[in-house]
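**Q** structure of the sequence below:
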Amino acid sequence: MEFNSSGSEAFYVAAQAKSEKQVVAIKTKDFYFWGMSPEKPDFNLQDETNGLGVYNPSYVNIEQSYSFSDILYTVITLGLYCPVTYKITLLSNEELK
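**A** I've put the predicted structure just below:
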């Protein structure tokens with residue numbers, strides 16, 4: 001999976017001076033045919049963090065994992081449906097008002 005930003009808001013790898021609010025988003029992406037479709041999954045971080053009250057995000061950490069339910073769905077459907085869980089953790093300078 002590839003994560004990127006559209007460029008209208010910068011996502012910083014290092015923590016910024018006023019980073020005080022930690023934001024965590026856990027999401028699931030659907031894949032099909034043992035993960036071969038979509039061929040090149042692309043995630044816009046701004047789309048993923050919309051509605052979370054994120055302003056000047058920094059210290060972005062992304063963890064990809066397979067939960068028990070992800071594995072169970074993959075086995076039951078014989079690989080036709082393969083969900084993947086990922087967790088985005090970041091720091092925000094302040095909440096949007």
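**Q** can you give me the helices in the chain?
**A** Applying DSSP state H to the chain gives helices spanning 45-49, 68-76.
**Q** among the ones you listed, which is nearest Pro38?
**A** Between Pro38 and those, the shortest gap by C-beta to C-beta is with helix 45-49, which sits at 15.3 Å. Placement of C-beta: from N, CA and C, glycine included.
**Q** so for the closest one, mean pLDDT?
**A** Per-residue confidence for helix 45-49 averages out to 74 on the pLDDT scale.
**Q** what's the separation between the spatially most central residue of the chain and Asn44?
**A** Against the mean C-alpha coordinate of the chain, by C-alpha atoms, centre = their mean, the closest residue is Ile88 at 4.6 Å. Distance, Ile88 to Asn44, by C-beta to C-beta, to the nearest Å: 12 Å.
**Q** show me where pLDDT drops low in this structure?
**A** Across the chain, residues meeting the criterion (pLDDT under 70) sit at 1-17, 94-97.
**Q** try 90
**A** Across the chain, residues meeting the criterion (pLDDT under 90) sit at 1-67, 70, 74, 78-79, 82-97.
**Q** just name the most buried of the helices of the chain.
**A** Mean neighbours per residue, mean count of other C-beta atoms under 10 Å, is largest over the helices of the chain for helix 45-49, with a mean of 17.
**Q** using PDB, write out the CA atom coordinates for that helix.
**A** Once side chains and other backbone atoms are set aside, the C-alpha atoms of helix 45-49 remain, and they are given as PDB (Å, rounded to 0.1, in the frame of the first residue of the first chain):
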ATOM      1  CA  LEU A  45      -3.700  10.900   3.900                       C
ATOM      2  CA  GLN A  46      -5.900  14.000   3.800                       C
ATOM      3  CA  ASP A  47      -8.900  11.900   2.700                       C
ATOM      4  CA  GLU A  48      -8.100   9.400   5.400                       C
ATOM      5  CA  THR A  49      -7.900  12.000   8.200                       C
END
